[in-house]
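Novice: Test case, fold it:
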Amino acid sequence: MPSGATGSAAPDFLPPRRKSVPDSSVASPSTVTRLLQAPAALLLMVGTLLGLNFPLGKLSGAAGVPPLVWSALISAGGAVVLGTVLAVKRQRLPLDARHLRYFAVVAFVSYALPNALVFTAIPHLGSAYAAILFTLSPMFTVVFSLAARLRSPKPLELAGIAIGFVGTLLVASARGEMGHSVDWLWVGLGVLVPLSLALGNVYRTLDLPKGTPSLVLAVGSNAVAAILLIACAALTGTLGGVAVLPTVPGLALLQVAASAGMFALFFQLQLVGGPVTLSQIGTVGAAVGVIAGTAGLGERYAAIVWIGIAVIAVGISLTVRARLRG
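Specialist: Numbers count the residues shown, from 1 in each chain. This is a model prediction of the structure:
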């Protein structure tokens, strides 16, 4: 589950912008091309695809697919689909020590660990609740950035972090769905997800291999994440859960399609929208996850959760406003 981005080069698999030619016979850009250059449209598409992970994860758990296997499916599917594009473009994955280190760290903190945690916690917390906690990633990223001295603290950002933390406490106090309060352990695991994603965001800023296309980084990191998750599934004795996947082919294909589409559009959003717009995908994804969980899966939450969501939204808006001010 990416929550940040690196690099600024245009993805190789997307059509280049057409140069304006003073000829009325030249066709205007297609609707698809215009959408790929519109930050708001890309934000909605990436956020929606991200938000689908939560209900799909809950449905996979109900079907008996182990969390590690489902997480491996996401990374392997993304690596295969985007890797195919890479092969068509005749680009190779760099396998030097510098890139392998980057692939390994990003694979662990940005993909393998958060996905394994979220799909393990969803059956206990509910998909919408897990989606809500995901919105904390931008604020944790600011905290870690300040700690690493990547940026100077701004009063508005600090206020947003403080308010967001209050909202987190309110949401956490409900401990899952209404009438199904769970042990604090599961809440803690849920909070570890945005913490891990935030660490990944800061690491990518500190150790980005310069000059490497974003598509290459996505394929390499997802491939390593898939290997890590498959190995963990084998060690924990849950790899046999792969046999369950053929019983839910539609669900598995939808998850692979959503993940691959999200990874591809993610880097285009980075290019045309910038970091501030990109940081809001967690908010859009959470909104989709909450709607899908409550309206589609029948999940119900106490009023304190909705109050906490509102407080978190205020905190996020303050941090985003601080970034816009520079």
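
Novice: got the buried residues for the longest helix that the chain contains?
Specialist: For the chain, the helix with the greatest residue count under DSSP state H is helix 249-278. For helix 249-278, burial by neighbour count (16 or more other CB atoms under 10 Å) applies to 251-252, 255-256, 258-273, 277-278. C-beta here means a position set from N, CA and C on the backbone, and glycine is covered the same way.

Novice: Mind checking the pLDDT average for the very next helix or strand once past it?
Specialist: Sequence order places helix 281-291 as the next helix or strand after helix 249-278, per DSSP states H and E. If you average the pLDDT over helix 281-291, you get 82.

Novice: try stretch 224-238
Specialist: 97.

Novice: For it, give me every contacting residue.
Specialist: 66, 68-69, 71-72, 75-76, 79, 103-104, 107-108, 111-112, 115-116, 239, 241 (CB atoms under 8 Å, 6 or more residues apart in numbering).

Novice: Put the buried members of the residues you listed into a PyMOL selection.
Specialist: The buried residues among the contacts of stretch 224-238 can be selected in PyMOL (16+ other CB under 10 Å) with this line:
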select buried, resi 66+68+69+71+72+75+76+79+103+104+107+108+111+112+115+116+239+241
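
Novice: now, which of the contacts of stretch 224-238 lie within helices?
Specialist: Counting by DSSP H, the part of the contacts of stretch 224-238 found in helices is 68-69, 71-72, 75-76, 79, 103-104, 115-116.

Novice: wait, which of those residues is closest to Ser317?
Specialist: Asn115 (27.5 Å; CB to CB).

Novice: for the closest one, what are its contacts?
Specialist: 1, 70-71, 74-75, 225, 229.

Novice: Secondary structure class of Tyr301, three-state.
Specialist: Classification of Tyr301 using DSSP: H, G, I helix; E, B strand; the rest coil returns coil.

Novice: Would you state the helices of the protein in chain order?
Specialist: Per DSSP H, the chain carries helices over the ranges 31-35, 39-51, 53-62, 67-88, 97-106, 113-125, 127-134, 137-147, 155-174, 184-207, 214-235, 249-278, 281-291, 303-324.

Novice: Can you add distance to Leu297 and give these back as JSON lines?
Specialist: Listed next are these as JSON lines, based on distance: least, CB to CB, whole Å:
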{"stretch": "helix 31-35", "distance to Leu297": "29"}
{"stretch": "helix 39-51", "distance to Leu297": "13"}
{"stretch": "helix 53-62", "distance to Leu297": "6"}
{"stretch": "helix 67-88", "distance to Leu297": "16"}
{"stretch": "helix 97-106", "distance to Leu297": "31"}
{"stretch": "helix 113-125", "distance to Leu297": "10"}
{"stretch": "helix 127-134", "distance to Leu297": "6"}
{"stretch": "helix 137-147", "distance to Leu297": "23"}
{"stretch": "helix 155-174", "distance to Leu297": "17"}
{"stretch": "helix 184-207", "distance to Leu297": "17"}
{"stretch": "helix 214-235", "distance to Leu297": "25"}
{"stretch": "helix 249-278", "distance to Leu297": "13"}
{"stretch": "helix 281-291", "distance to Leu297": "10"}
{"stretch": "helix 303-324", "distance to Leu297": "15"}
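
Novice: just those helices: most buried one?
Specialist: helix 127-134 (a mean of 28; mean count of other CB atoms under 10 Å).

Novice: which intervals of the chain have sub-threshold pLDDT?
Specialist: Within the chain, the ranges that satisfy pLDDT under 70 run 1-29, 151, 153, 176-181, 267, 270-271, 274-277, 279, 323-324, 326.

Novice: Identify, from the contacts of Asn115, the entry nearest to Leu158.
Specialist: Nearest to Leu158, judged by CB to CB, of those is Met1 at 26.2 Å.

Novice: Against Asp183, how distant is Arg325?
Specialist: According to CB to CB, to the nearest Å, Arg325 stands 41 Å off from Asp183.

Novice: Could you pull up the residues touching Leu150?
Specialist: Counting by CB under 8 Å, 6+ apart, Leu150 has contacts 202, 205-206.

Novice: With distance to Gly190 added, can I get the residues you listed in TSV?
Specialist: Shown next, in TSV, are these (distance: CB to CB, whole Å):
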residue	distance to Gly190
Val202	20
Thr205	25
Leu206	26
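
Novice: Restrict stretch 164-172 to CA atoms and write it as CSV.
Specialist: Taking C-alpha atoms only, stretch 164-172 is exported to CSV below (Å, rounded to 0.1, in the frame of the first residue of the first chain):
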residue,chain,number,x,y,z
GLY,A,164,-4.9,14.3,14.3
PHE,A,165,-3.5,12.4,17.3
VAL,A,166,-6.5,13.4,19.4
GLY,A,167,-8.7,12.0,16.6
THR,A,168,-6.7,8.8,16.5
LEU,A,169,-7.3,8.3,20.3
LEU,A,170,-11.0,8.8,19.7
VAL,A,171,-11.1,6.2,16.9
ALA,A,172,-8.9,3.8,18.8
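
Novice: Name the residues that touch that stretch?
Specialist: Contacts for stretch 164-172 (CB under 8 Å, 6+ apart): 129, 132-133, 136, 139, 187, 191, 304-305, 307-316, 319.
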